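Enquirer: Model the following, please.
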Amino acid sequence: MPAIAQCTPSSGTNSSCVGTGNLGNGATLNSLAVGNQNNIQGATNAFANGNENQLWQSTNTSATGDSNDLSGSGTRNSSAVGSDNDVRGINSSAVGSGNGLRGTENSSATGNANRLLGAVNGSAIGDENNLEDSTNSSATGNLNQIWQATNSSATGDNNTLTGRNTRNSSATGQGNNVSAINSSATGSLNNLQDAVNSSATGDSNTLIRARQSSATGTLNSLNDAQNSSASGTSNQLSGTVNSSAAGDRNTISGSNNASASGEQNQILNGSHNASASGFNNQLNNAANSNAAGDRNAITNSNNASASGQQNQILNGSHNASASGVSNEISASQNATASGNDNTITGSHNASASGFNNQLNNAANSNAAGDRNAITNSINASASGQQNQILNGSHNASASGASNEISASENATASGNDNTITGSDNASASGQQNQITNGSHNASASGVSNEISASQNATASGNDNTITGSHNASASGVSNEIDNAQNASATGNDNTISDSINASASGQQNQILNGSHNASASGQQNQITNGSHNASASGFDNEIDNAQNSTAVGDGNTLDTATGSSVYGSGNSITFGTDSAAIGTDNALFGVAGSTATGSSNFLIGTDNVSATGASNILVGTANSSATGFFNIMALSENSSATGTGNIVAFSQNAFATGTLNVLLGASNSSTTGVLNILAGANNSSATGTFNLLTNATDSAAVGTGNNLTNATASSATGTANDLTDATSSGAVGNDNQLVAALQSFSVGASNILNDAENSSATGTANDLMTATNSNAVGQGNIGTNATNSSATGTNNNLTNATNSSATGQGNIAADATNSSATGTNNDLTQAENSSATGDGNLLSDATNSGAVGFRNNLTDATNSFAVGNPNNLAGATNSTAIGSTNSMVGAQQSLTVGTANNADGALNSLAVGSTSRVTGSTSAIAFGTNANASNANNSFAFGNNANASGTTNSLAAGANATVTANDGNAIGTNSQVAHARSTALGFGAQSEFADEVTLGAKNGSQTYTTPGITSDLSKQRQTGRLELVTTDANGHLASDGGDVFRSIAKLQAGVAVALAAEAPSLTSAENFGMRIGWGNFEGDANAVAVSAIGVVCRNCFSSGDRIAIDGSVGAGWSDYKSYSAGNSIGGRAGVQWTW
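Expert: Predicted structure coming up:
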């Protein structure tokens, strides 16, 4: 008998294949293949567990092991766990390495080198994922590529989202390339091409053809961007509409409504409604443009405004305005320059206010400040100190003390001792005011005020001096304005020296040494050393070498600052630019664009930062903010700390919100909550309390007490999750452990995936420590050191399992290989290529075995299978039990189907039915109820109560059929064979002798019909000579040995002799005659005969009568049916009486 469960071909419908080289066919339905080289042809609901499995034409299939394929008819609802899997179906899942997944829907691949071709709603977690033609796809891991992706997300390294415009894509990690609509890239080296509604956060981001795009980080480039924003370093926006760039070296080209804030910004080529704020800004052919900062240049721009230092508005800049230091407006109509060293040339309706302004050939011009010069200008007005209106400055006005208006029409000088030289319409009021040197329209009022070379200056009071200060105003007693254009001194003993547009009100205030546009109000305030546009109000404030700065309150200090302000008391800004201190005892040192609001905040070496609250410390930070109390930020960029006691150091694009959060060396990271720590983190975030992300990359923690130390592309959500050294892993819930996990995931509580790889746990208290390509779903599952395994349910155990799975409750597959348990309390300890489905099945140490049902026992079984409950196959090999309470202990290559069958110790045997037995048999079959082929060899019992036990090479077929002798066959109901080598066939047939075949019952109640015996085919199949069957009265059959055919041959020869032995004929005159004759019969018989005749007498009894005697002797020969007649002799004799 062939080995059971080796399907080559057939074994269809509820089929089972256990062993090697299995194929199976006949449409296979509900098939199982366990072992090597399984195929399961045309299988439905098939299961293959072992090596090189192929499930053809399969539906709802699962393959666990090596080189699984799962192919044919769309596969459908397939799952492959192992290596080199190719899943080609719908709702497919592959766990392991080298997975393919062709034409898949709702597919998931976890492992290495996964590729999802034509995948819809697919997810790939692992290495080198591809996801081709993906829709709603997600890839987490390394070197992911998502082709033709829609609503796709890639998290990990070297992700690429490409094809069919990508759509709604997100890439998080390093080296991302997003060519998508509604896309977002977070990490390093991101590239978004033809992106719509895109956002890139990180380093070296590039957005091409981007619309409604935003880039935050370093070296961002947005080409053809619309409604775009770039914040960071070296941003470039080209052809953008409604764009904004904040950071260093930003460039906006051909952009409408663009805004650039930072250093070295450029807005070029018709940038409508553009604004640039920072250092070295350039606006070229920009209409309605505004530039604020240092060294701004606006060329061919309408309605342009430049505010800061060294601004230039040139070549027909209509309605332009420049405010700051060294501004130049050339050939500009309706231009305004306010600040220092402004130059307006050929500009109609121009106005220059500040220091050293020059208006050349400017009609309807106005200059207010110190040392203004208006040349060949009509309707010019100069107000301040040392203003000059020269060369026919019509309708000029000089007002102040000692103003001089020279050659100026309509000048006004009011004051005492005013001198107006060559200045028409100058005004001087008071005593001893002087308006000289053509200070037209100057006004001096009071006593002993002096306005010299100061146009549009005003002096009121006593002993005020305005020298070389255009548009200066002194009111009170002993105020001194020296070389300070547009300066104002109100009160007593105020001093303004070498400061343009300075204002001092109160007592003993000082504005000295080129502090242009400075203002001091109160008592004993000092503004010194080139503090341009500085303001001090209150008591004992000090502004030293601080431009565009303000001090309000008591005891504030601004030293070597630009564009800075202090409000309150005890605040200080040293070496600051565009910075502010508001509150009490705030200190800012070496800062730019920074603000401190509150008390005792400390900022040193910062750029574009803000501190709001109390005792915040920001050192060496840029584009950052601290809000709250006791926050510390050091050597960080584009970062913020909000709350209390947060620390952000050595970080970029880092954000801390809450209390006592720490971000050290973090990039593109954030923390929100209490006592979160992100040290050395990159593209990571922590939200909640006590989360730890030391040296984490592309990771996130949400909740309390999560640990992602050295994690990469990982996330923890919940409480006390541990992902130390994890890579591309995630935890959602409480107390999950994924230490050193790789591409693993945990959802629930107290799951353990330490050192796990490509594994996942969902539920509570699952343990997949050191597992690889494994997953656990439920509670209390154990998969420690498991490989390519999965546990679903409660308290399943897959410790050290390989390519195995447990589904249900209390299943054990510890140390199992290529095995699966489904149900409750199944045991596959140390099983190999085995499966258990149901409850309480025992397959410990089983190999290539399976159990479906309840309490089946396959302990130490090999290539065996049990379906039902509770079958016993302990120690069985290549055996299968289907049904209930079947026993196959120690069976080999055997099969039981039914109830209470017994094949204990059987070899190559089969028991089917109920209480059938092949116990201790070899190559035996028992089929039916109570069929018995036990202790038999090569014997078979078919039917209810059929019995072939103890026999060899015997068959009992039929109800109550019995064989008790070896080599016997009893076929039919109640048939019996008690003699060796005998056969009883038919109802009630019984053997009588050894070596006998009995047909039918002894009572003669049966007849026998053999319809085919008369066919030509039957004749054609006969060989040798034929014989006839004979019987006696008791029906015993025998052969005649050819006697009948031999007799027929003799008869034919006799007929030929008779034909040859014809008597000779005589005439009336003849007395004797002889003849020799030849005879033939039917062409088969021949004969030769000699005949003689003699007349005995004539006229014996009457006249004319005759009596003659004749005789013949002959020999004949013939063949019939290959039988020979031999030499047949015949003779005759006769008497003839004639008359």
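
Enquirer: where does Gly1012 land in three-state SS?
Expert: Of the three states, Gly1012 takes helix according to DSSP: H, G, I helix; E, B strand; the rest coil.

Enquirer: what sits against it?
Expert: By C-beta atoms under 8 Å, 6 or more residues apart in numbering, the contact list for Gly1012 reads Ser1018. Heads up, the C-betas are built off the backbone N, CA and C, glycines and all.

Enquirer: For it, give its distance to Val1088.
Expert: Distance of Gly1012 to Val1088, computed by C-beta to C-beta, to the nearest Å: 44 Å.

Enquirer: what's the neighbour count on Gly1104?
Expert: As a burial measure, Gly1104 scores 10 neighbours (other C-beta atoms under 10 Å).

Enquirer: Next: the one 4 residues further on.
Expert: Residues lying near Ala1108 (other C-beta under 10 Å) number 21.

Enquirer: for Tyr1123, what are its contacts?
Expert: Tyr1123 makes contact with Arg1025, Gly1042, Phe1045, Arg1046, Ile1048, Ala1049, according to C-beta under 8 Å, 6+ apart.

Enquirer: list the helices and strands the helix or strand containing the last one packs on?
Expert: This points to Ala1049. Using DSSP states H and E, Ala1049 maps to helix 1043-1060. Using 3 or more C-beta pairs under 8 Å, 6 or more residues apart in numbering; DSSP states H and E, the elements in contact with helix 1043-1060 are strand 1072-1081, strand 1085-1098, strand 1106-1120, strand 1123-1124, strand 1128-1138.

Enquirer: Now do the buried residues in the third one.
Expert: Taking 16 or more other C-beta atoms under 10 Å as the basis for neighbour counts, the residues of strand 1106-1120 that come out buried are 1106-1108, 1110-1118, 1120.

Enquirer: swap in stretch 732-747?
Expert: Residues 732-747 are the ones in stretch 732-747 that count as buried (16+ other C-beta under 10 Å).

Enquirer: returning to that earlier point: select, out of the helices and strands packed on helix 1043-1060, the one closest to Ala931.
Expert: Ala931 lies closest, by C-beta to C-beta, to one member of these: strand 1123-1124, at 48.2 Å.

Enquirer: Strand partners (parallel or antiparallel) of that closest one?
Expert: Paired strands of strand 1123-1124, with direction, are strand 1106-1120 (antiparallel) (DSSP bridges).

Enquirer: how far off helix 1043-1060 does the strand it pairs with point, in degrees?
Expert: Strand 1106-1120 runs at 140 degrees relative to helix 1043-1060, counting by axes from the mean of the first three to the mean of the last three C-alpha atoms, to 10 degrees.

Enquirer: Could you export strand 1106-1120 as PDB, CA atoms only?
Expert: Extracted C-alpha coordinates of strand 1106-1120, given in PDB (Å, rounded to 0.1, in the frame of the first residue of the first chain):
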ATOM      1  CA  ARG A1106     -26.800 -58.200 -59.100                       C
ATOM      2  CA  ILE A1107     -25.100 -58.500 -55.700                       C
ATOM      3  CA  ALA A1108     -21.900 -56.600 -55.200                       C
ATOM      4  CA  ILE A1109     -19.600 -56.000 -52.100                       C
ATOM      5  CA  ASP A1110     -17.700 -52.700 -51.600                       C
ATOM      6  CA  GLY A1111     -15.400 -51.300 -48.900                       C
ATOM      7  CA  SER A1112     -13.200 -48.300 -48.200                       C
ATOM      8  CA  VAL A1113     -10.300 -47.400 -46.000                       C
ATOM      9  CA  GLY A1114      -9.000 -43.900 -45.400                       C
ATOM     10  CA  ALA A1115      -6.900 -41.600 -43.300                       C
ATOM     11  CA  GLY A1116      -7.600 -38.000 -42.400                       C
ATOM     12  CA  TRP A1117      -6.100 -35.100 -40.500                       C
ATOM     13  CA  SER A1118      -7.500 -31.700 -39.100                       C
ATOM     14  CA  ASP A1119      -6.800 -28.700 -36.700                       C
ATOM     15  CA  TYR A1120      -9.400 -26.900 -34.600                       C
END
